[in-house]
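1. requesting a structural model of the entry that follows:
(2 chains)
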Protein chains: 2
Amino acid sequence: MYLVKIYVTYKQSILDPKGEAVHDALHRLGYTNVDEVELGKYFEVKMHADKRPVATEVDEMCDQLLANVNMETYRYEITEMEAL
Amino acid sequence: MYLVKIYVTYKQSILDPKGEAVHDALHRLGYTNVDEVELGKYFEVKMHADKRPVATEVDEMCDQLLANVNMETYRYEITEMEAL
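-> Next up is the predicted model:
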């Protein structure tokens, strides 16, 4: 059993309006020492192994569904969990 | 300068319909070895220190704005960045 943590964020060249909005809201709340906010998606996927390597499958899942590879970039961490 | 990575996810007791939808979509794509998907938000905050500890400020920012503490839980990692 594997726990896969996937982080999807915008590419550097893409404007992140939600991140801007959060940045502005934090400034209005008084956190003027916040310089930049980027907002992304976070997926926690629990999966068990099948015939193919987990990393290969996760790459495919990101490319096919979880990330818009035109605008977004992703990275992930795979942890093996103890069987219960 | 600090890089703060904040992960906001639903509490265990709260239904996560978006995570369910992603789980089902992955199964339809053939990834039937995926057991569970949770979807959360991911914030990357760059900030510089002011008089108060960074962790205290991040806790406050999460409680006041970034997380809905009724339904969501958050965790974060703080990394010190080299000044440019």
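
2. got the angle between the longest strand anywhere in chain A and strand B:34-47?
-> Among the elements of type strand in chain A, defined by DSSP state E, the one spanning the most residues is strand A:34-47. Taking axes from the mean of the first three to the mean of the last three Cα atoms, to 10 degrees, strand A:34-47 and strand B:34-47 form an angle of 170 degrees between their directions.

3. check which residues of strand A:34-47 are buried.
-> Neighbour counts using 16 or more other Cβ atoms under 10 Å in any protein chain shown place A:34, A:37, A:38, A:39, A:40, A:41, A:42, A:43, A:44, A:45, A:47 of strand A:34-47 among the buried residues. Backbone N, C-alpha and C define where each C-beta goes, glycine included.

4. dump it to CSV, keeping only the CA atoms.
-> This file holds the C-alpha atoms of strand A:34-47, laid out as CSV (Å, rounded to 0.1, in the frame of the first residue of the first chain):
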residue,chain,number,x,y,z
VAL,A,34,3.9,38.2,3.1
ASP,A,35,5.6,38.7,-0.3
GLU,A,36,4.0,36.1,-2.6
VAL,A,37,1.3,33.5,-2.4
GLU,A,38,0.8,30.6,-4.9
LEU,A,39,-2.2,28.5,-4.7
GLY,A,40,-2.2,24.9,-6.0
LYS,A,41,-4.0,21.6,-5.6
TYR,A,42,-3.0,18.8,-3.3
PHE,A,43,-4.0,15.2,-3.8
GLU,A,44,-3.5,12.4,-1.3
VAL,A,45,-3.8,9.1,-3.1
LYS,A,46,-3.8,5.7,-1.4
MET,A,47,-3.1,2.9,-3.9
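
5. ok, that strand near chain B or not?
-> Yes - using Cβ under 8 Å from any Cβ of the partner chain as the criterion, contacts between strand A:34-47 and chain B involve A:34-47.

6. which neighbours in the sheet does that strand have, and how are they oriented?
-> strand A:2-10 (antiparallel), strand B:34-47 (antiparallel) (DSSP bridges).
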